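Participant: Build me a model:
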Amino acid sequence: MIKVLVVDDQQLLRQGLCSLLSLSDKVEVVGQANDGLEAMKWLQNNPGCADVMLLDIRMPRMTGIELLNALKQANALIPTIMLTTFDDHENLMGALRAGAKGYLLKDVSLETLVEGIEAVNAGESLIQPAITTTLINSLQGLNTETEEPEQVEPLSSKEKEILRLMASGCSNREIAAALYKSEGTVKNQVSTILAKLGARDRTRAVLRAVELGIIG
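Facilitator: Okay, here's the model as predicted:
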């Protein structure tokens, strides 16, 4: 089972989320915290006990983004999904820069949430399809300066198709089903795409593709 730490300042919502996750046989809630400072103390007192953190953004004393930055500086960052009601550019980009591996809105289904937890625990990045457009539009707006485009190894038509599905928030499993390929084949092709774009994860691969005009 994947061990999860849930961090949210709204007690009823946090407890409801924990109850919801208890219905899954794939994850186990091992801790709760009501803000970033409490989460920091929990992680310090329980090293290695949580595989994934579900983290709210706006909390008193220490926000979710501030917590991620502090953990990153301490080299103690664990795979994290920002689980929030906010889908604006500032929060989205702030979370990604701070090291979040996933970004989901709080209205997602249990199935989607558990799949997201599994994805980030496996080293993948995940952005909910409903907010992918926000990300792409934001990245396009951030890259309007007139610079010489950086040269990268050309992507094949199949790789571009996979990249578009990645930008839509699809997991390797969903891409494999859409393209009638095995999940292992898709995983290898995604790795090739990351290498060609010089990106260390799927989110940054989408960013680079937008910058280079490959998708948009």
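Participant: Break this protein down into its structural domains.
Facilitator: Using automatic domain parsing, the domain ranges for the chain come out as 2-133, 143-211.
Participant: TSV for these, including mean neighbour count and mean pLDDT?
Facilitator: All C-beta atoms are positioned from the backbone trio N, CA, C, and that covers glycine. As requested, the domains of the chain are exported to TSV (neighbours: other Cβ atoms under 10 Å; pLDDT from 0 to 100):
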stretch	mean neighbour count	mean pLDDT
domain 2-133	18	88
domain 143-211	16	81
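Participant: just the helices in this protein please.
Facilitator: Along the chain, counting by DSSP state H, helices occupy 11-21, 36-45, 64-73, 89-98, 110-121, 129-142, 157-167, 172-179, 183-197, 202-211.
Participant: isn't Ala209 right next to Leu163, touching?
Facilitator: Yes - if you go by Cβ atoms under 8 Å, Ala209 and Leu163 touch, sitting 5.6 Å apart.
Participant: residues shared between the contacts of these two?
Facilitator: Common contacts of Ala209 and Leu163, defined by Cβ atoms under 8 Å, 6 or more residues apart in numbering, comprise Ile215.
Participant: so can I have a markdown table of the helices of the chain showing distance to Asp56?
Facilitator: Converted to a markdown table, those look like this (distance: least, Cβ to Cβ, whole Å):
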| stretch | distance to Asp56 |
| --- | --- |
| helix 11-21 | 8 |
| helix 36-45 | 9 |
| helix 64-73 | 5 |
| helix 89-98 | 11 |
| helix 110-121 | 14 |
| helix 129-142 | 16 |
| helix 157-167 | 26 |
| helix 172-179 | 26 |
| helix 183-197 | 29 |
| helix 202-211 | 20 |
